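[1] Predicted structure and sequence below. I'll ask about it afterward.
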Amino acid sequence: MNGTNCSDPSAEFQYHLFPAVYILALVVGLPGNVAAFLVFIRTSPRTAFSVYISNLALADILILCTLPLRIHYHLHRNHWVFGDFTCLVTGTLYFSNIYLSICFMTCICLDRYMATVHPHPYLKLQSPRLSLGVSALLWATAGAAALVFILMGPLEIGDASLGHRCFESFARTEWEKRLGPFSIVSLLFSLVPTLVLLVCYTLVARRVARIKVRQARKAVRVIHTILLITALCFLPNHVVYLLHLLQRLDVIQSCSARHAIYRARRVTMALVTLNTCLDPVLYYMTTSHFRWDRLKRSWLWGMVNRSRGVYSITGQRE
């Protein structure tokens, strides 16, 4: 492990954990995010809130599209068969869109805070052009970083005996020339918005809660829901990733600590994917214009009935 005398850690549970979580994310998260994306891009009039929500849903959809390959990878005991380029592209998309999700949730919280606590300045800033510009800037930044990472070529595996691994077990040289700098930048890129969400918006929610109007209550629901998603999915991943980075830099050298970090990294990487399942809850809880009742009656309910094969007494499908 990274040049130490530590033996390779055992984490057999990952071959069951990752496929189970990824399948759950596809079954629950994909329909919810696709429905949200289609609804919010058709919202009229378009608002900053709908722009950020639709971009969050799009980021989730892109993450979910990479999961079938990851499911195959873990079911075959971390053996990648789809080629180095596919590994590089899907892995880069997966991680870059996780960071985009954090940024868009921060934008949503800021939008709700401004709309409720500072409504007059917000009326001047609520033009969808500003939110579209912010969204385009975030996508461009993530896209440029991903493109640079991909153009640097395939990732070198540290131990050839491990087989065809994908986005793990990197050689020391990869950390020195590529992964180390990218890891530090991406950690800061995601940790700062997360700390803003967890610290600042806890205080914001208290202030907003004192405003006894319907708009304020909705803003509190938005902030509380995003805080919950961040605390459950993103914060554990950032903390463990920081420890993982420290061990890769040989700051942490204890073998027992390295083994614990490796196993914790497996768990937090699975948890961060569950964000795609919880985001549709955010759409449902915080938006009155989202026609969930009609959606449940027409599409989701019909899909459940078809999957169960529900028939009436006369033999006709209900």
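    Perfect, I can see it now.

[2] if I read this right, His238 contacts Pro193, doesn't it?
    No: counting by C-beta atoms under 8 Å, His238 stays clear of Pro193, with 10.2 Å between them. All C-beta atoms are positioned from the backbone trio N, CA, C, and that covers glycine.

[3] Comparing these two, which residue is more hemmed in?
    Pro193 (21 against 18; other C-beta atoms under 10 Å).

[4] Check the contact between the more buried one and Phe104; I expect there is one.
    No: look at Pro193 against Phe104 with C-beta under 8 Å: they stay out of range, at 9.5 Å.

[5] How about the secondary structure of Ile252?
    Secondary structure state of Ile252, per DSSP: H, G, I helix; E, B strand; the rest coil, is coil.

[6] contacting residues for it?
    Each residue near Ile252 by C-beta atoms under 8 Å, 6 or more residues apart in numbering is listed here: 243, 246, 258, 261.

[7] Which of those fall within helices?
    Judged by DSSP state H, the contacts of Ile252 include 243, 246, 258, 261 as members of helices.

[8] Which of the residues you listed are buried, as a ChimeraX select command?
    Buried residues among these (16 or more other C-beta atoms under 10 Å), as a ChimeraX selection:
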select :243,258,261
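
[9] Using JSON lines, lay out the ones in helices among the contacts of Ile252 together with pLDDT.
    Formatted as JSON lines, the ones in helices among the contacts of Ile252 follow (pLDDT from 0 to 100):
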{"residue": "Leu243", "pLDDT": "90"}
{"residue": "Leu246", "pLDDT": "86"}
{"residue": "Arg258", "pLDDT": "87"}
{"residue": "Ile261", "pLDDT": "90"}
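
[10] Flag the shaky bits of the stretch 51-200 of the chain, pLDDT-wise.
    Within the stretch 51-200 of the chain, the stretches with pLDDT under 70 are 125-126, 157-163, 169, 199-200.

[11] got the residue ranges for the helices in it?
    67-75, 84-117, 119-125, 128-151, 172-174, 180-195 (DSSP state H, counting those that start in this stretch).

[12] Next one: the residue nearest the centre of the chain from Asp111, what distance?
    Centroid check for the chain by C-alpha atoms, centre = their mean gives Ile98 as the closest residue, at 3.7 Å. According to C-beta to C-beta, to the nearest Å, Ile98 stands 21 Å off from Asp111.

[13] same question, Phe189
    Distance, Phe189 to Asp111, by C-beta to C-beta: 20 Å.

[14] out of the two, which sits in the more crowded spot?
    Counted by other C-beta under 10 Å, Phe189 and Asp111 do not tie: Asp111 has more neighbours, with 23 against 17.

[15] In contact with that one, which residues?
    Residues in contact with Asp111 (C-beta under 8 Å, 6+ apart) are 48-49, 52, 131.

[16] One more pass at 7 Å, please.
    48-49, 52 (C-beta atoms under 7 Å, 6 or more residues apart in numbering).

[17] With neighbour count and distance to Asp250 as new columns, can those be given to me in a markdown table?
    Putting the contacts of Asp111 into a markdown table (neighbours: other C-beta atoms under 10 Å; distance: C-beta to C-beta, whole Å) gives the following:
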| residue | neighbour count | distance to Asp250 |
| --- | --- | --- |
| Ala48 | 25 | 45 |
| Phe49 | 22 | 45 |
| Tyr52 | 26 | 40 |
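
[18] contacting residues around Leu58?
    By C-beta under 7 Å, 6+ apart, the residues touching Leu58 are Phe37.

[19] Roughly how far does it sit from Lys124?
    To Lys124, Leu58 is 27 Å away according to C-beta to C-beta.

[20] Same check on Trp139?
    25 Å.

[21] ok, now Val117?
    In this view, Val117 and Lys124 are 15 Å apart by C-beta to C-beta.

[22] Leu138 too?
    According to C-beta to C-beta, Leu138 and Lys124 sit 22 Å apart.
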